[in-house]
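Visitor: sequence first, then the predicted structure, then my questions.
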Amino acid sequence: MSDYNCALLLMAAGSSRRFGENKLLLTDSNCTYLAINTAQRYAHLSVKWAIINANQLSLLPGLCQLGYQVKVVSASSSFSESLKQLVHTTSHYNAWLIALADMPLVSRSTVDQITLSLSQGNQLVVPRFQGVRGNPVGVGRQYLPVINALNGDIGLRKIVEQQPTQVTWIDTNDQGIIFDIDETKDWAQYNELVNLIR
């Protein structure tokens, strides 16, 4: 299975209640949205889908420019509802790489390691940094019934916790797999890192 048969699903429909504002619409010093910065991390993959909510239509041009197909849902959709909608839309693929739009520092190397593992037939592939579980997560068709049974704002963590022996771990030095923008201090730290790189 090549990565053409694996669909990247970018989860970007969250309401950011904990953050206090829609964090995916935050812009960096280059006036680029957080969600678009994350989307760029996966732009080299052949099949890319993103799901956004009705309050995030300003993300559409940037996502389309990167080659994403985009599904728009209501602002009240839960994580599991959004995930199930994207999986249903791409149900003819053999596997899915499920990425979170508030994690903009995942390396291309990690992405490629996970998709390679999926192509080798592994059904549940999770990256790990110094023993800490991270994202994105690769899931094969075997888990379609489990995904369909998810409810509320519960994601793949539940699947990993319930079936730890089924996980193919990708141990990596990529700290980006555990760095997300949950609080304003995380956003400030991200911008500092990005400015150093530039």
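Guide: Received, thanks.
Visitor: what sits against the closest residue in space to residue 12 that isn't next to it in sequence?
Guide: In space, residue 12 comes closest to residue 101 once its chain neighbours are excluded; the distance is 3.6 Å by Cβ to Cβ, 6 or more residues apart in numbering. All C-beta spots, glycine's among them, are computed from the backbone N, C-alpha and C. Neighbour list for residue 101: 10-12, 14, 24, 34-35, 38-39, 50 [criterion: Cβ atoms under 8 Å, 6 or more residues apart in numbering].
Visitor: tell me which two in those are the farthest apart.
Guide: 14 and 39 (14.5 Å; Cβ to Cβ).
Visitor: what's the first helix or strand after the lowest-mean-pLDDT helix or strand in the chain?
Guide: Using mean pLDDT, DSSP states H and E, the weakest-scoring helix or strand in the chain turns out to be helix 157-162, at a mean of 79. Per DSSP states H and E, helix 157-162 leads on to strand 168-171 as the next helix or strand towards the C-terminus.
Visitor: list the strands paired with that following strand, with their directions.
Guide: strand 124-129 (parallel) (DSSP bridges).
Visitor: which other residues reach the partner strand?
Guide: Residues contacting strand 124-129 (Cβ under 8 Å, 6+ apart): 110, 113-114, 117-118, 133-140, 143, 159-160, 163, 166-175, 177-178.
Visitor: mind running it again at 6 Å?
Guide: Surrounding strand 124-129, the residues in contact under the criterion Cβ atoms under 6 Å, 6 or more residues apart in numbering are 110, 114, 117-118, 133-134, 137-138, 160, 166-172, 175, 177-178.
Visitor: likewise for stretch 169-189?
Guide: Residues outside stretch 169-189 that contact it (Cβ under 6 Å, 6+ apart): 23, 102-103, 105-107, 110, 113-114, 126-129, 132, 134-135.
Visitor: out of these, which sit inside helices?
Guide: 110, 113-114 (DSSP state H).
Visitor: for residue 10, which non-adjacent residue is spatially closest?
Guide: In space, residue 10 is closest to residue 50, 4.0 Å off (Cβ to Cβ, 6+ apart).
Visitor: measure the most centrally placed residue in the chain to residue 147 for me?
Guide: Most central in the chain under Cα atoms, centre = their mean is residue 99, positioned 1.1 Å from the mean C-alpha point. For residue 99, the distance to residue 147 equals 15 Å [Cβ to Cβ, to the nearest Å].
Visitor: what's the answer for residue 104, then?
Guide: Taking Cβ to Cβ, one finds residue 104 at 25 Å from residue 147.
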